[in-house]
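Peer 1: please work out how this folds:
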Amino acid sequence: MTVIVLILSTMTVCTRQLQPTSSDILQICPKFRLLVTGKTGVGKSSLIQQAFKITEVHVSEHRRGKADIDKEFIAPENERFVLHDSQGFETGDSGSFAIAKDFIDRRRQMPELKDKIHAVWLCLPIPRADGRLLEGGVEEFLISRKKILGNIPIIVVFTKLDLVVNELEIDAMVSGTYDEAVIEALKNDTLDKLCVQPLKEVAGSDIPHATVSTEAKYESTVRQLIDITTTNVEKFVASEAALAMMIAQRVDIDLKIKASIAIGKKRYWRGLASGMNFTGFTLWDCLSVIHQDIIAVWNFNDPHRYLLDDKFKELILKDLDNDNFPNPAGALRFGLSVVAAITTILAPIAAPFLPIVVPVVAGVVLVKWAYDVYQRTNIVLRRIMTYIVDLTCIMQILFLLAPTGSISRRSVIKFAMNAYEKAGKGDVHSVIRSHVHVTRSGGDDALEEILRLIEDHSIKAGEVQDLRTNIGPPIDFQVDEEW
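Peer 2: Numbers count the residues shown, from 1 in each chain. Below you'll find the predicted structure:
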């Protein structure tokens with residue numbers, strides 16, 4: 001049994017609590033509010049499921065021709081996202097158009113950011129060669145969009161890209177002229193002719209658009225849609241709404257890291273060497289509030305709240321002063337080092353399920369320093385910096401291991417920690433131990449070093465799909481274990 005020895009400092013401890021920066025932001029905009037419109041069969045449900053990793057979506061595709069635009073759909077597995085659904089604006093159906101206009105107008109008049117519509121996705125199927133992209137109602141909406149929407153960004157989403165590519169590939173194979181570069185050029189020409197140019201003729205050249213497929217190998221297209229949406233929300237709506245989108249989405253690891261850094265830089269990652277945020281608090285208090293901010297951004301479906309468990313924090317704490325870990329080959333990027341570590345852990349396991357156990361030293365764990373009052377010293381600075389980078393790296397590995405965004409067992413968290421130990425933890429710890437010192441220069445060298453280490457130990461969004469493929473089928477953590 002693990003025993004935690006608490007030795008309290010004699011210095012005065014603040015009785016007030018540190019407030020997470022994420023709580024302040026989420027109080028302003030707790031959920032990303034999206035209006036999705038498109039006719040039955042366009043692929044709205046699968047798109048939402050892919051982007052936000054929810055299992056069930058209540059849109060009009062499942063109740064042909066009917067949609068209650070006022071109804072808020074919030075999936076229990078992702079409470080940072082709220083969906084409003086509007087059926088498509090088909091020719092001759094003036095009722096749907098009027099309902100959507102009224103709904104948007106009412107939401108625009110609401111004073112609180114959390115109640116406003118933050119973005120609109122107008123979903124259109126890529127037409128056949130002789131088909132028409134825009135029906136009369138859609139054209140009217142696009143022409144009048146600035147009057148109807150105001151600053152609400154609208155992104156036109158051309159769906160079912162995979163069908164277009166499949167058709168081009170079949171034609172190429174039949175003709176015996178299959179060439180990937182040629183097919184890519186044909187795809188771009190086809191989309192420009194069937195989608196982009198007809199859209200520009202009606203709506204002008206300033207309307208953002210994305211072409212997507214929800215098939216697994218096209219995940220990058222959904223990520224591009226998320227990126228376009230976030231950029232436009234930040235530009236035209238509010239930074240808090242953009243952060244809510246980064247938190248709600250579950251396909252873009254780059255945005256998770258970006259949001260974590262943005263929230264950290266607002267308060268608790270700044271001025272670490274000066275202690276301006278932590279004076280009078282215990283180091284446990286300081287690390288706990290940083291921990292809460294990072295976990296909030298990654299927004300895993302964690303029904304048992306394992307990621308916020310004090311035992312998880314203690315597992316991170318116990319190694320903060322240790323840099324005696326394997327150092328992977330320097331030429332490998334962090335993502336490849338993580339895959340190599342995961343493969344190494346899995347190699348000796350031949351059972352049909354994986355009772356993964358992270359080696360944790362039994363007995364007494366002396367973390368008395370965590371309950372001392374914060375002091376402006378080199379070792380305290382290094383511990384806080386190390387904790388931030390360690391937790392960020394562990395979250396990235398969990399993102400790889402949990403493609404559905406679900407963390408239902410402690411074993412997957414411990415597995416991720418074990419993989420990090422083999423993939424780069426030693427490098428992070430030794431760099432911080434060697435190069436970081438409390439200074440009085442007035443600069444923020446600690447923040448710069450944190451950002452550099454996160455950049456050097458980051459898994460890029462474009463790598464995620466290939467890295468998951470290299471790992472193999474999703475690891476089935478059927479057996480849980482105690483911390």
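Peer 1: what ranges do the strands span in the stretch 151-300 of the chain?
Peer 2: In chain order, the stretch 151-300 of the chain shows strands spanning 154-159, 209-211, with DSSP state E, counting those that start in this stretch as the criterion.
Peer 1: with mean neighbour count as new columns, can those strands be given to me in CSV?
Peer 2: All C-beta spots, glycine's among them, are computed from the backbone N, C-alpha and C. Supplementary listing: the strands of the stretch 151-300 of the chain in CSV, determined by neighbours: other C-beta atoms under 10 Å:
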stretch, mean neighbour count
strand 154-159, 24
strand 209-211, 20
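Peer 1: redo the ones you listed as JSON lines? Include distance to Lys193 and mean pLDDT.
Peer 2: Putting the strands of the stretch 151-300 of the chain into JSON lines (distance: least, C-beta to C-beta, whole Å; pLDDT from 0 to 100) gives the following:
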{"stretch": "strand 154-159", "distance to Lys193": "12", "mean pLDDT": "98"}
{"stretch": "strand 209-211", "distance to Lys193": "13", "mean pLDDT": "97"}
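Peer 1: distance to Glu79 added to those strands, as a markdown table?
Peer 2: Listed next are the strands of the stretch 151-300 of the chain as a markdown table, based on distance: least, C-beta to C-beta, whole Å:
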| stretch | distance to Glu79 |
| --- | --- |
| strand 154-159 | 23 |
| strand 209-211 | 25 |
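Peer 1: nearest to Ala241, out of those?
Peer 2: Nearest to Ala241, of all those, is strand 154-159, at 14.2 Å by C-beta to C-beta.
Peer 1: from the contact counts, what lies against the closest one?
Peer 2: Here strand 154-159 touches strand 119-125, strand 209-211, helix 219-236, going by 3 or more C-beta pairs under 8 Å, 6 or more residues apart in numbering; DSSP states H and E.
Peer 1: quick one, what contacts the nearest residue to Cys123 once chain neighbours are set aside?
Peer 2: The shortest distance from Cys123 to any non-neighbouring residue, by C-beta to C-beta, 6 or more residues apart in numbering, is to Gly38 (3.2 Å). When contacts are counted by C-beta atoms under 8 Å, 6 or more residues apart in numbering, Gly38 touches 44, 87-88, 121-124, 157, 159.
Peer 1: most packed of the helices and strands packed on strand 154-159?
Peer 2: Neighbour counts (mean count of other C-beta atoms under 10 Å) averaged over each of those peak at strand 119-125, with a mean of 23.
Peer 1: any idea which helix or strand comes after it?
Peer 2: helix 136-143 (DSSP states H and E).
Peer 1: where does the stretch 201-350 of the chain dip in pLDDT?
Peer 2: 328-331, 349-350 (pLDDT under 70).
Peer 1: what about the helices in it?
Peer 2: 219-236, 239-248, 253-266, 283-298, 310-317, 334-346 (DSSP state H, counting those that start in this stretch).
Peer 1: need those in CSV with distance to Asp171, can you?
Peer 2: What follows is the helices of the stretch 201-350 of the chain, written out as CSV (distance: least, C-beta to C-beta, whole Å):
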stretch, distance to Asp171
helix 219-236, 21
helix 239-248, 38
helix 253-266, 35
helix 283-298, 43
helix 310-317, 53
helix 334-346, 36
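Peer 1: which one of those helices is the most hemmed in?
Peer 2: Using mean count of other C-beta under 10 Å, helix 239-248 ranks as the most buried of the helices of the stretch 201-350 of the chain, with a mean of 24.
Peer 1: only C-alpha atoms, please: export that one in PDB.
Peer 2: Output of helix 239-248 as PDB, limited to C-alpha atoms (Å, rounded to 0.1, in the frame of the first residue of the first chain):
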ATOM      1  CA  SER A 239     -11.500  34.300 -28.400                       C
ATOM      2  CA  GLU A 240     -13.500  32.600 -25.600                       C
ATOM      3  CA  ALA A 241     -15.700  30.900 -28.300                       C
ATOM      4  CA  ALA A 242     -12.700  29.900 -30.200                       C
ATOM      5  CA  LEU A 243     -11.200  28.300 -27.100                       C
ATOM      6  CA  ALA A 244     -14.500  26.500 -26.500                       C
ATOM      7  CA  MET A 245     -14.200  25.100 -30.000                       C
ATOM      8  CA  MET A 246     -10.700  23.900 -29.400                       C
ATOM      9  CA  ILE A 247     -11.800  22.200 -26.200                       C
ATOM     10  CA  ALA A 248     -15.000  20.600 -27.700                       C
END
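Peer 1: which helices and strands does it pack with?
Peer 2: helix 21-28, strand 32-38, helix 219-236, helix 253-266, helix 283-298.
Peer 1: got the ones you listed as CSV, with distance to Gly204 columns?
Peer 2: Formatted as CSV, the helices and strands packed on helix 239-248 follow (distance: least, C-beta to C-beta, whole Å):
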stretch, distance to Gly204
helix 21-28, 32
strand 32-38, 19
helix 219-236, 15
helix 253-266, 28
helix 283-298, 35
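Peer 1: relative to Ile117, which of those is closest?
Peer 2: strand 32-38 (5.1 Å).
Peer 1: three-state assignment of Pro76?
Peer 2: For Pro76, the assignment made with DSSP: H, G, I helix; E, B strand; the rest coil gives coil.
Peer 1: ok, it - contacts?
Peer 2: Pro76 neighbours (C-beta under 8 Å, 6+ apart): none.
Peer 1: any idea how far it is from Asn299?
Peer 2: Using C-beta to C-beta, to the nearest Å, Pro76 is found at 13 Å from Asn299.
Peer 1: kindly report the same for Lys31.
Peer 2: 11 Å.
Peer 1: overlap in contacts, the two.
Peer 2: By C-beta under 8 Å, 6+ apart, the residues touching both Lys31 and Asn299 are 80, 248.
Peer 1: surely Asp425 meets Cys393?
Peer 2: In this structure residue 425 is Lys, not Asp. Yes: taking contacts as C-beta atoms under 8 Å, Lys425 lies within contact range of Cys393: 7.4 Å.
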